[in-house]
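Asker: Coordinates for the following, if possible.
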Amino acid sequence: MGRKPNETLRFCTTTVVGLVFGFLVGVSISIFCVSKINPENYIPATMLPTVNQQFEDVLGQNQTLTNSTKTWVSSNPRGAERLPPGIVASESDFFLRRLWGEPSQDVPKKPKYLVTFTVGYDQRENIEASIKKFSDDFTILLFHYDGRTSEWEEFEWSKRAIHVSARKQTKWWFAKRFLHPDIVAAYDYIFIWDEDLGVEHFDAEKYIELVKKHGLEISQPGLEFNTGLTWQMTRRRDGIEVHKETEEKPGWCKDPHLPPCAGFVEIMAPVFSREAWRCVWHMIQNDLVHGWGLDFALQKCVEPAYEKIGVVDAQWIVHKRVPSLGNQGDGSPDAGNAPWRGVRIRCHKEWKMFQNRLNQAEKAHEKKLLEARH
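Answerer: Okay, here's the model as predicted:
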């Protein structure tokens, strides 16, 4: 049975309208999807010219770099030879920076000095007293050997300090790994101190003044003489600002200009100039963590050592001899039962090992020089 003319017209009209509607819906969906990834929809219009310009600049720079002659600058630091010298940042610092604003305004006042303490939380009161002796000209860096860092938030100064944590590690282990000379290059002097020092008679700013006045590249504060001294060189002397030599027990000093009679400080509270530390850091051995023997070798890093290494008597400290890190040693029978005994045994072994390595290195170098002459 054939359709009526009106029904045929209605059918044709419905079909055409459906096709047009489907086409329009498809186009709308496509436009919507594209618009979702269009930067104009999520970047403010005022910023679009800048973003577009930056994008074009990057493309242009990349094309220029790709088409230019390959860079190789042998005087750049090792590994950076392929970079143009102007972009190489070979040094760093511990300055805390913001996440916003202009980078040039992040650090209104840059600290000139660095002080580090290797600490356990049990010594917090003593560290609190010590930190008060250092002004805002010092960056504060705490090396935590007990893993307890968050508890230090009770001190206001801790919030601006740098905290590095590794369980049962010594200050020389930390220093070798986190105080590379290029990392601390921003600081004129670096204090690498123990946690058990009494600082009632110490002022850091006055100490720096005396170090500069007397030309000391490596130094330490004088030690109160009633605290069980090992070496006469580090004993505080009354009535003077600085001393650089001493007399020791008979036979201890083959040369009055050599350690322990001169060119000598201990490793509990040393202070290094930037250049002296660059040398000393390279002498620290990765596996010898206690630093025993370093005190006798420091004189190799400055010349003449008997003039540039000394003890500041006018700013003095007390060594309280708290064996907190030592008590974290191994208490097994092989270690001598008491935890501190195992640590002490390791210290003596390291001293001998360091001395042997230094002697062997010097002999090998001398042999090489002799061979070069012939």
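Asker: pLDDT of the helix or strand containing Gln360, averaged?
Answerer: Assigned by DSSP states H and E, Gln360 falls within helix 339-373. Mean pLDDT, computed over helix 339-373, is 93.
Asker: For it, buried residues please.
Answerer: Within helix 339-373, the residues that count as buried by 16 or more other C-beta atoms under 10 Å are 339-340, 342-344, 346-347, 350-351, 354, 358. Glycine gets a C-beta too; all of them are placed from N, C-alpha and C.
Asker: now swap in stretch 285-299 and tell me
Answerer: Under the neighbour-count criterion of 16+ other C-beta under 10 Å, stretch 285-299 has 285, 288-299 buried.
Asker: Greatest separation within these: which pair is it?
Answerer: Spanning the widest gap among the buried residues of stretch 285-299 are Val289 and Gln299, at 22.0 Å by C-beta to C-beta.
Asker: what sits up against stretch 80-100?
Answerer: With contacts defined as C-beta atoms under 8 Å, 6 or more residues apart in numbering, stretch 80-100 is touched by 70-77, 103, 106-107, 110-111, 114, 139, 141, 160, 162, 182-187.
Asker: Give me the subset of these that lies in strands.
Answerer: 114, 139, 141, 162 (DSSP state E).
Asker: could you pull out the strands for the chain?
Answerer: 113-119, 138-144, 162-165, 189-193, 197-198, 218-223, 242-243, 271-273, 309-319.
Asker: Tabulate those strands (TSV), appending distance to Glu81, mean neighbour count and mean pLDDT.
Answerer: Shown next, in TSV, are the strands of the chain (distance: least, C-beta to C-beta, whole Å; neighbours: other C-beta atoms under 10 Å; pLDDT from 0 to 100):
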stretch	distance to Glu81	mean neighbour count	mean pLDDT
strand 113-119	30	24	98
strand 138-144	31	22	98
strand 162-165	31	15	98
strand 189-193	29	24	98
strand 197-198	44	20	95
strand 218-223	34	26	97
strand 242-243	45	18	98
strand 271-273	30	25	98
strand 309-319	37	24	97
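Asker: returning to what we had before: of the buried residues of stretch 285-299, just say which sits nearest to Glu362.
Answerer: Set against Glu362, the nearest of the buried residues of stretch 285-299 by C-beta to C-beta is Ala297 (10.5 Å).
Asker: Quick one, grab the pLDDT at the residue lying closest to Glu350 once chain neighbours are set aside.
Answerer: Spatial nearest neighbour of Glu350, excluding adjacent residues (C-beta to C-beta, 6 or more residues apart in numbering): Leu288 at 4.5 Å. pLDDT for Leu288: 97.
Asker: Can you name the residues that contact Leu288?
Answerer: Contact analysis of Leu288 by C-beta under 8 Å, 6+ apart lists 172, 350, 353-354.
Asker: Try it again at 10 Å.
Answerer: Taking C-beta atoms under 10 Å, 6 or more residues apart in numbering, we find Leu288 in contact with 170, 172-173, 176, 294, 346-347, 349-351, 353-354, 357.
Asker: List just the nearest of these to Met233.
Answerer: Leu294 (14.7 Å).
Asker: and the nearest residue to that closest one once chain neighbours are set aside, backbone torsions?
Answerer: What sits nearest to Leu294 in space, not counting adjacent residues and going by C-beta to C-beta, 6+ apart, is Ile267, at 5.6 Å. Note on Ile267: its backbone torsions stand at phi -100, psi 10 [degrees, to the nearest 10].
Asker: Let me know whether Ile267 touches Thr230 as I believe.
Answerer: No - with contact defined as C-beta atoms under 10 Å, Ile267 does not reach Thr230; the gap is 11.2 Å.
Asker: Point out where the chain drops to low pLDDT.
Answerer: Where the chain drops to pLDDT under 70, the residues are 1-69, 226-228, 325-337.
Asker: all helices in it, in order from the N-terminus.
Answerer: 5-36, 48-67, 124-131, 171-178, 204-213, 274-283, 294-297, 305-308, 339-373 (DSSP state H).
Asker: In the fifth one, which residues are buried?
Answerer: Along helix 204-213, the positions that meet the burial threshold by neighbour count (16+ other C-beta under 10 Å) are 204, 207-208, 210-211.
Asker: helices or strands up against that helix?
Answerer: Counting contacts by 3 or more C-beta pairs under 10 Å, 6 or more residues apart in numbering; DSSP states H and E, helix 204-213 packs against strand 113-119, strand 138-144, strand 189-193, strand 218-223, strand 242-243, strand 271-273, strand 309-319.
Asker: how about those in CSV, adding distance to Glu154?
Answerer: What follows is these, written out as CSV (distance: least, C-beta to C-beta, whole Å):
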stretch, distance to Glu154
strand 113-119, 14
strand 138-144, 13
strand 189-193, 21
strand 218-223, 28
strand 242-243, 37
strand 271-273, 28
strand 309-319, 25
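Asker: just to revisit the earlier point, could I get the ones in strands among the contacts of stretch 80-100 as a markdown table with distance to Tyr306?
Answerer: As requested, these are arranged in a markdown table below (distance: C-beta to C-beta, whole Å):
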| residue | distance to Tyr306 |
| --- | --- |
| Leu114 | 26 |
| Thr139 | 31 |
| Leu141 | 31 |
| Ile162 | 35 |
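Asker: Closest one to Arg274 out of those residues, please.
Answerer: Leu114 (9.7 Å).
Asker: Tell me what that closest one is bridged to.
Answerer: Thr139, Ile190 (DSSP bridges).
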